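In: Pasting the sequence and the predicted coordinates here, then a few questions.
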Amino acid sequence: MAGLAVHEVSDATFEAEVLQSAQPVLVDFWAAWCGPCRALAPIVDEIAQEYQGKLKVMKMDVDSNAATPMRYGIRGIPALLIFKGGKVAEQIVGFVPKDTISKSLNKVVV
């Protein structure tokens, strides 16, 4: 389901891929059955292309990975969490327009 610049992340790889990343990381929490998640996917792919080299973009399937969404209190999807230095810097829940995501990213990505 992920585009070329978007990578899958799991509970097992979350620590290394997201929390220990030198770059800010956008994590898209989604599920295959979620309509708004599917609608958001092309926007997430565009963001990944635009911010390539400045931001890692990851997707996590909440049906396959329960520990990480629970740890971060993900109750509704789609949920976008922006991590910087191993901490949540921004959080966006629900389907939002691309410029809303870009505004949040621009606070974190230098």
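Out: Cool, got the structure.
In: check contacts around the residue nearest in space to the middle of the chain.
Out: For the chain, the residue sitting closest to the mean C-alpha position, by C-alpha atoms, centre = their mean, is residue 27 at 1.7 Å. Neighbouring residues of residue 27 by C-beta atoms under 8 Å, 6 or more residues apart in numbering: 9, 18, 58, 59, 60, 80, 81, 82, 83. In short, each C-beta sits where N, CA and C put it, glycine included.
In: Ok, residue 109 next?
Out: Contacts of residue 109 (C-beta under 8 Å, 6+ apart): 24, 51, 54, 55.
In: Show the residue spans covered by the helices in this structure.
Out: Ranges of helices in the chain, per DSSP state H, are 14, 35-50, 67-71, 98-108.
In: Residue 87 is nearest to which of the ones you listed?
Out: helix 98-108 (10.5 Å; C-beta to C-beta).
In: Please state the offset of the closest one from the chain centre?
Out: Between the centre of helix 98-108 and the centre of its chain there are 12 Å (C-alpha atoms, centre = their mean, to the nearest Å).
In: Give me the contact list for that helix.
Out: 24, 26, 43, 46-47, 51, 55, 80, 82, 84, 89-90, 92.
In: What residues of that helix count as buried?
Out: 101, 104, 105, 108 (16 or more other C-beta atoms under 10 Å).
In: ok, now how distant is the last one from residue 92?
Out: Distance, residue 108 to residue 92, using C-beta to C-beta, to the nearest Å: 12 Å.
In: Find residues that contact each of these two.
Out: Common neighbours of residue 108 and residue 92 (C-beta under 8 Å, 6+ apart) are residue 82.
In: what about the strands in this protein?
Out: Along the chain, the segments classed as strands by DSSP state E run 6-8, 25-30, 56-61, 79-84, 87-93.
In: Make TSV out of those and add distance to residue 72 and mean pLDDT.
Out: Below are the strands of the chain laid out as TSV (distance: least, C-beta to C-beta, whole Å; pLDDT from 0 to 100):
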stretch	distance to residue 72	mean pLDDT
strand 6-8	17	95
strand 25-30	8	98
strand 56-61	10	97
strand 79-84	6	98
strand 87-93	7	97
